[in-house]
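>>> Need a 3D model of the following:
(2 chains)
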Amino acid sequence: MNKEIQVSISQKDEVSILNIKGDVTAITGESIEAAYQKVTTAGTKKILLHFDQDGYINSGGIAILIGIASESRKSGQTVRITGLSGHFQKIFNMVGLTKYTEIFPSEELALKDF
Amino acid sequence: MMMADSKVELHIPSIMGFEKVAMECSASVAKKMGFTKDRIEDLKTAVAEACLNAIEHGNKLDTSTKVGITLTVEESKLQVSVKDQGKGMNKVSTPSIESKIEGEDKPRGWGIFLIKSLVNEVSFEASPEGGNVTKMIIYLEK
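Okay, here's the model as predicted:
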């Protein structure tokens, strides 16, 4: 019931874009982690997480994203976020994730001056 | 128009993912009551997190147990109680993003923080019949 996620990776200049379609939970988060590890191994320093406006994100999924934010700091990577609904932008602000990653209203704006 | 004191009850199995059933049900009730879209989103997250706590920490993912959700419609508010069959919950300290980012604390543990942040009133109690009950109240006007 919780395996509802698709994560694909695309490249735009120096930025690796993780396109995340579906629910972000402790279980589906493994797919996001795997994609993050893949681009990290490839040496990417700029990562954009592009979420699905209609996706469901729970506290388990938030924990996965905190893990990525933590690892990216250690690896000298910059992580940006786009595609979040207004509600989840509020949630990310509440937990403090926006201190470590910046949220953009569109992919175009997120890629600008990355 | 919903009648005041109407009740909706459902039971979900202690399997991760079924919290979405309770979440969507509570959203339907709140929509009927006239809650704004933003408050419905707040309610959905709070109900999902209460159910996840009940599934994972209360019922310890035991698939022979269930989580009971009761939605009580009142004049100007919606009360949601989420009951598990567990033996008491551990006290949870307020999470700190800094210590989680620095690796001093595990990244999980945001559920209760989110519930407290998103609803108007919340209590965590032991039920007299056994199990834990999370009671949440959300007002039509915040």
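>>> can you pull the contacts of the residue lying farthest from the centre of chain B?
Taking CA atoms, centre = their mean, the residue of chain B most remote from its mean C-alpha position is residue B:102, at 29.0 Å. Residues in contact with residue B:102 (CB atoms under 8 Å, 6 or more residues apart in numbering or on different chains) are residue A:70. (C-beta placed from N, C-alpha, C; glycine too.)
>>> What's the separation between residue B:65 and chain A?
Distance, residue B:65 to chain A, by CB to the nearest CB, to the nearest Å: 17 Å.
>>> Hmm, residue B:12 and that residue touching each other?
No. Contact criterion CB atoms under 8 Å: residue B:65 and residue B:12 do not qualify, at 10.4 Å.
>>> helix/strand/coil for the residue most central in space within chain A?
Of all residues in chain A, the one closest to the mean position by CA atoms, centre = their mean is residue A:49, 3.2 Å from it. Put simply, residue A:49 is strand when judged by DSSP: H, G, I helix; E, B strand; the rest coil.
>>> what is it paired to in the beta sheet?
Judged by DSSP bridges, the bridge partners of residue A:49 are residue A:18, residue A:81.
>>> And for residue B:81?
Beta bridges link residue B:81 to residue B:70, residue B:135, judged by DSSP bridges.
>>> Which pLDDT value belongs to the residue lying closest to residue B:6 once chain neighbours are set aside?
Counting by CB to CB, 6 or more residues apart in numbering or on different chains, residue B:6 lies nearest to residue B:73, which is 4.4 Å off, once chain neighbours are set aside. Listed pLDDT for residue B:73 reads 96.
>>> from memory residue B:73 sits against residue B:28, does it?
No. Using CB under 8 Å, residue B:73 makes no contact with residue B:28, being 11.7 Å away.
>>> neighbour-wise, which of those two wins?
The residue with more neighbours, out of residue B:73 and residue B:28, is residue B:73; 18 against 13, by other CB atoms under 10 Å in any protein chain shown.
>>> Look up phi and psi at that one.
Here is the backbone geometry of residue B:73 (degrees, to the nearest 10): phi -90, psi 120.
>>> Repeat that for residue B:66.
Dihedral angles (degrees, to the nearest 10) for residue B:66: phi -130, psi 160.
>>> Is there proximity between the top helix by length along chain A and chain B?
The single longest helix within chain A, with elements called by DSSP state H, is helix A:59-74. Yes. On the criterion CB under 8 Å from any CB of the partner chain, helix A:59-74 is in touch with chain B at A:59-60, A:62-64, A:66-67, A:69-70, A:73.
>>> Check which residues of that helix are buried.
Across helix A:59-74, burial judged by 16 or more other CB atoms under 10 Å in any protein chain shown covers A:59-72.
>>> what do you get for stretch B:103-120?
Buried positions in stretch B:103-120, judged by neighbour count with 16+ other CB under 10 Å: B:105, B:107-115, B:117-119.
>>> what would the residues you listed look like in a markdown table with distance to residue B:83, secondary structure and pLDDT?
Shown next, in a markdown table, are the buried residues of stretch B:103-120 (distance: CB to CB, whole Å; DSSP: H, G, I helix; E, B strand; the rest coil; pLDDT from 0 to 100):
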| residue | distance to residue B:83 | secondary structure | pLDDT |
| --- | --- | --- | --- |
| B:105 | 29 | coil | 90 |
| B:107 | 28 | coil | 90 |
| B:108 | 23 | coil | 91 |
| B:109 | 22 | coil | 90 |
| B:110 | 22 | coil | 94 |
| B:111 | 16 | helix | 95 |
| B:112 | 16 | helix | 94 |
| B:113 | 21 | helix | 96 |
| B:114 | 19 | helix | 97 |
| B:115 | 15 | helix | 97 |
| B:117 | 22 | helix | 97 |
| B:118 | 19 | helix | 97 |
| B:119 | 16 | coil | 98 |
